[in-house]
Every structure is written in structure tokens, then in C-alpha cells.
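Enquirer: sharing a sequence plus its predicted fold:
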Amino acid sequence: MRINNMVEGFIAMGHEVTVLTGVPNYPEGKVYADFRGDPAQFSNYRGARVVRVPMLARGRRSITLALNYFSFFTSASIVGSYKLRGQSFDSIFVYAVSPIMAAIPALVIGSLKKVPVFVWVLDLWPETLSAVGIIKHPKLLGMVGKVVSWIYNRTDYLLLQSRAFDENVRKYCTRSISADRLVYFPSWAEDDFAGEVQVASELLQRDESVFTILFAGNLGEAQDFPAILEAAKALKGDLQVRWVIVGDGRASEWLTKHISEHQMSNVLLLGRHPLEKMPALFSVADALLVSLKTNEVFERTIPGKVQAYLASGKPIIAMIDGEAARVVVESGAGMACGSGDARGLAEIVRTMGTLTAPELERMGLSGRDYYLEHFSKAKLFERLESLFRKATLRQGNKS
């Protein structure tokens, strides 16, 4: 995870890092047996001190997930404040994946210790809740919006993973917000994708007789696999294409059934595998696929896999709208069609499948160069460190 990368990076830069989190229960939904057996062994991560607060496990139902969220930000605000009593910090950073309420403990502790709080906004709330159908009632969305507004207005710095987040975030900032408080801060790729691939993939063999397209990540409704498979069917007989899908999710069962029923032998489901297996697997592919259904939120978001794809130096095929499509085209890393455009996706594959190996290599290297310029982890860490130092200095001048 990128937050793990950040912890490791700041430790390597000579900083002291303390992590406030809950008991480990993701993604299985129950507390890990190893943690229950010996919690002390999980109190340090690569030199960072890990402070854990009690919370309910996620479970497998919506109600237990909601209780998991609520228990964390309640426990972290109260128990976390107590566990961190008497300790001083220069800055507090929030890795704000859903739910945004996870920022509440940071604001509580930041207020008590009078230190600046940075919230890295990775999802748009409450728009995301509406976009994925979790909450549809306008009054409930309005209530969540008030909570979001409360958080944003009390946060010292809001870091936005996409430039397109600016308008949505400002909408909930009822107080005047200065330009230096709203900072564009994108994601980077995990270290695994940034270096040269040293080993062959044990999951898939290279096959020069086919054009291999690889999709890696969550297999959900948002990724629009019906459109992907429609494009695969349209190409049957025209071009030798192998579609490789890696990951799992809510669409896994549907994919397995559909591929079997339609005898799509050119579509391979490899299941979920550890991150460290991905670079070698990426190296087997001729192109990497990113897809996302369109709506107001998704158009403004850059999926994290885009940075990983760019860093890997492989051409990208994108069936997506908005910021992600802009990055793919602007970088010269690949080709993009509109979200849900199965015919457009098939045309892109036809075109890219006829390119020579040097042409594909140039496309991939163009993407990697763009990654190093715009999403390099080293550059982003230096920038964040500079923001922390400026915020600390400003806070000191106020005291």
C-alpha cells in the first residue's frame, strides 16, 4: 500500500514516524490470528512505532462494515488521544481513503497538540456514496456533506490526488480557503513497478503468437467487464488476442460463468496474487488495460493502477473518461476510448495489435518518462516533506 511506502520513505529520510491505526482485519473482515496471538510483534513497522486502538472487525455485512468505520474514528479520537498523551508531533497526516470520517481523530489530536493536519483526499465524499449506490436519499447525502464540510473546514491542508478534485472540495469549504492550503498531490506507483524486472513470471508464459492484454486490480461492477468481453468477442477471428484478468472482486463469479458459457478460451482468469508478482506478470503483456464506468466522481479520479502501468513502461489501453484518459493520451503511453465503448476498445486493440515491437516499446517508454516527471515517488516525498516543514514553521510563528 502507498501509505506503507510513505512510512518507509520518511523513516529512510531520517524522520520519526508514529502510525495510529486499528487492529488488522482487512480484507478478510476478521482480526488476524497472528495478531491475536502476539499483538506486540505488530507494534513496529520498518522503524515506525505503530499505536493501535480497539475497533470492531469489518465482517462481511454492510452493518458490520458501518460499525467498523464508526468504532474506529470514535476509538481513535478517544483512546488514540489517551495513548498519545504527552507526545509531541510536528505534523499529522491522514491517508483518506473511504470513509472520510477517518480524518476526525486526526483533527481531534491536532487540536489537542496544536499541530497542522494534512488530509490526503483520495475519494470524493459524499459524491462517491451516491455514485456507487450506497446512499441515494438526498437528505442522507446532505447529512454526510455537512460532516465532510466540518472536516474540510478544520483541516490545515487538503491534498488532492487529482486536479479535477478542486471544484468538488471547494464546494464543501465554507470558509475562505487559500491557494496554498489546497494542494495537488497525486499517487505514485509502488516500488515493485519502478525497477527492472529480474525474474520471469511463474503465472503466465510469454506467447509471441498472440497480442496479450492484461487487466490487474479489483473485479467489480465499476470496471465494466461486460463491455470488455463484448470487445473481446468482436475481435474473435480478426486478431489473435489473449485477454488476461488478474484480481478478484464482486464480478469474479459473473466473469467465470460468462467466460465458460460463451467458451471464451482467449480470456484467462488468474485470480488474486501478491503485489510482488505483478511486475513480472506485466512484463509478459503487450499492453495493460484500465477501464472504469463513467460518472461525475470517476471522471475526476485517476485510478492508482494508472501510475503502476506508467511506471512499468508498458503501453496502456484505456476505456475510461476524464482525468485518467487525459493522462494516458497526454503521456503518449497508449490509446483511450470513452467509458463503456466496447466498439472503440476493439478498434484500439486492432490498431495496437498491428504495431511493431519497437513502436510498442517507444509507447511504453514515453509513459515511463511521463511517470518519472509527474508521479515520481522521490519527487513527491520531497514535496510533502517541504510542505510539512513550511506548515511546522508557520505553526511556530503563530505560537
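Expert: Structure's in. What do you need?
Enquirer: tell me the buried residues in stretch 143-158?
Expert: V144, G145, V147, V148, W150, I151, Y152, R154, T155, D156, Y157, L158 (16 or more other Cβ atoms under 10 Å). Every residue, glycine included, has its C-beta placed from N, CA and C.
Enquirer: please enumerate the strands of the stretch 201-350 of the chain.
Expert: Here the stretch 201-350 of the chain has its strands, by DSSP state E, counting those that start in this stretch, at 211-216, 241-246, 267-271, 287-291, 316-319, 334-337.
Enquirer: out of these, deepest packed?
Expert: strand 316-319 (a mean of 27; mean count of other Cβ atoms under 10 Å).
Enquirer: contacting residues around the least confident helix or strand in the chain by mean pLDDT?
Expert: One helix or strand of the chain scores below all others by mean pLDDT, DSSP states H and E: helix 191-194, with a mean of 74. The contact list for helix 191-194 (Cβ atoms under 8 Å, 6 or more residues apart in numbering) reads N5, L275, E276, M278, P279, F282, A308, A311, S312, K377.
Enquirer: need those residues in a markdown table (columns: pLDDT).
Expert: Shown next, in a markdown table, are the contacts of helix 191-194 (pLDDT from 0 to 100):
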| residue | pLDDT |
| --- | --- |
| N5 | 87 |
| L275 | 87 |
| E276 | 88 |
| M278 | 92 |
| P279 | 91 |
| F282 | 94 |
| A308 | 93 |
| A311 | 94 |
| S312 | 93 |
| K377 | 90 |
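Enquirer: show the buried residues in the residues you listed.
Expert: Those of the contacts of helix 191-194 that meet the buried threshold are N5, M278, P279, F282, A308, A311, S312, K377, by 16+ other Cβ under 10 Å.
Enquirer: quick one: which of these is nearest to I100?
Expert: N5 (21.6 Å; Cβ to Cβ).
Enquirer: does the closest one count as helix, strand or coil?
Expert: helix (DSSP: H, G, I helix; E, B strand; the rest coil).
Enquirer: and the protein, what are its domains?
Expert: Per automatic domain parsing, the domain ranges recorded for the chain read 2-190+377-398, 191-374.
Enquirer: what's the end-to-end length of stretch 149-169?
Expert: From its first residue to its last, stretch 149-169 covers 9 Å (Cα to Cα, to the nearest Å).
Enquirer: go on, stretch 269-279?
Expert: With Cα to Cα, one end of stretch 269-279 sits 17 Å from the other.
Enquirer: who touches it?
Expert: Residues contacting stretch 269-279 (Cβ under 8 Å, 6+ apart): 190, 192-193, 195, 197, 201-204, 216, 244-248, 252, 255-256, 259, 281, 308, 312.
Enquirer: now that stretch: how far from the chain's centre is it?
Expert: Relative to the centre of its chain, stretch 269-279 is centred 16 Å away, using Cα atoms, centre = their mean, to the nearest Å.
Enquirer: any weak-confidence spans in the stretch 51-200 of the chain?
Expert: Within the stretch 51-200 of the chain, the segments meeting pLDDT under 70 span 132, 176, 194-195, 198.
Enquirer: ok, now how distant is T18 from E347?
Expert: 52 Å (Cβ to Cβ, to the nearest Å).
Enquirer: over to I213?
Expert: As judged by Cβ to Cβ, I213 and E347 stand 14 Å apart.
Enquirer: try L365
Expert: 24 Å.
Enquirer: go on, V306?
Expert: 21 Å.
Enquirer: between these two, which one's more packed in?
Expert: V306 (29 against 16; other Cβ atoms under 10 Å).
Enquirer: I'd say that one and A324 touch.
Expert: Yes. V306 is in contact with A324 according to Cβ atoms under 8 Å; the separation is 5.4 Å.
Enquirer: what is in contact with these two at once?
Expert: V290.
Enquirer: could you say which of the domains of the chain is packed most deeply?
Expert: Buried most deeply of these, by mean count of other Cβ under 10 Å, is domain 191-374, with a mean of 19.
Enquirer: mind listing what the residue nearest in space to the middle of the chain touches?
Expert: Per Cα atoms, centre = their mean, the C-alpha nearest to the average position across the chain is that of G304, at 4.1 Å. Neighbouring residues of G304 by Cβ under 8 Å, 6+ apart: R2, S187.
Enquirer: with L229 as the reference, measure out to it.
Expert: 24 Å.
Enquirer: if you skip the residues just before and after it, what's nearest to V7?
Expert: A48 (4.9 Å; Cβ to Cβ, 6 or more residues apart in numbering).
Enquirer: hmm, I was thinking of S81
Expert: The nearest residue in space to S81 (Cβ to Cβ, 6+ apart) is I109, at 5.6 Å.
Enquirer: can you tell me the SS state at that neighbour?
Expert: Going by three-state DSSP: I109 is helix.
Enquirer: help me confirm that it comes into contact with V79.
Expert: No. Using Cβ under 8 Å, I109 is not in contact with V79, being 11.3 Å away.
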